[in-house]
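> how would this look folded up:
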Amino acid sequence: MSDVLTLKPLRWLEIVVSFTLLTLLIVYLVPSGSPLVVLRYVFGFVFIVFLSGYCLTNILFLGKNRLDIIEEITLSVALSFGLTGLIGLFLGLSPIGINFISITVSLGTTVLSLAIVAFVRKSKEKPLQAHTRPTDPNATSEQSSPKAASICP
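Predicted coordinates:
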């Protein structure tokens, strides 16, 4: 089932960058009194609660360490809360301060930076192969069996 959900690295990056840019456009362009404010809330919620942790999860868990879909979603939400809290802490302690623009720009920059790092890691990852033992075409069935291999020195 995980093979069905696996995207090529470039396609994955395109989706993350597109969602980030679409979210920022919706958040900045949709006014508060508009009926489209629901889109603003939905996209903003997913952006804050999921996307940054999802990118970080894709950096940390590749190859043999790949997570199940439930583990990936749960860890993405938890890491997103942590990253968003740290960004808020740094902005609060810096002279920039916490305001709408500083939060959206810093969180957008963080997501895009993490997405680029995850893309590089995913691009360098070798595809997992099935665990098959190489067989010698000239070997007989006795020589290639595990029992015969353990008896012979």
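
> so where's this structure shaky on pLDDT?
Residues of the chain meeting the criterion pLDDT under 70: 1-5, 127-153.

> let's see it at 80
Counting by pLDDT under 80, the low-confidence segments of the chain come to 1-7, 126-153.

> I'd like the distance between Leu22 and Gly108.
Distance of Leu22 to Gly108, computed by C-beta to C-beta, to the nearest Å: 11 Å. For the C-beta atoms, the positions are set from N, CA and C on the backbone; glycine is no exception.

> the two - which one has more neighbours?
When Leu22 and Gly108 are compared for neighbours, Gly108 comes out ahead with 18 against 13, by other C-beta atoms under 10 Å.

> and the more buried one, which helix or strand is it part of?
Assigned by DSSP states H and E, Gly108 belongs to helix 100-124.

> in that helix, which residues are buried?
By neighbour count, and taking 16 or more other C-beta atoms under 10 Å as the criterion, the buried residues in helix 100-124 are 102-104, 106-108, 110-112, 114-115, 118-119, 122.

> need those residues in JSON lines (columns: distance to Leu51).
Output for the buried residues of helix 100-124, formatted as JSON lines (distance: C-beta to C-beta, whole Å):
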{"residue": "Ser102", "distance to Leu51": "18"}
{"residue": "Ile103", "distance to Leu51": "14"}
{"residue": "Thr104", "distance to Leu51": "13"}
{"residue": "Ser106", "distance to Leu51": "14"}
{"residue": "Leu107", "distance to Leu51": "9"}
{"residue": "Gly108", "distance to Leu51": "10"}
{"residue": "Thr110", "distance to Leu51": "10"}
{"residue": "Val111", "distance to Leu51": "5"}
{"residue": "Leu112", "distance to Leu51": "10"}
{"residue": "Leu114", "distance to Leu51": "9"}
{"residue": "Ala115", "distance to Leu51": "9"}
{"residue": "Ala118", "distance to Leu51": "11"}
{"residue": "Phe119", "distance to Leu51": "14"}
{"residue": "Lys122", "distance to Leu51": "16"}
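
> of these, closest to Gly33?
Nearest to Gly33 out of the buried residues of helix 100-124 is Thr104 (C-beta to C-beta; 19.5 Å).

> what's next to the helix holding Gly108, contact-wise?
Under the criterion C-beta atoms under 8 Å, 6 or more residues apart in numbering, residues 9-10, 12-13, 16-17, 20, 23-24, 27-28, 47-48, 51-52, 55-56, 58-59, 62, 83-84, 87-88, 90-91, 96 lie in contact with helix 100-124.

> understood, closing this out.
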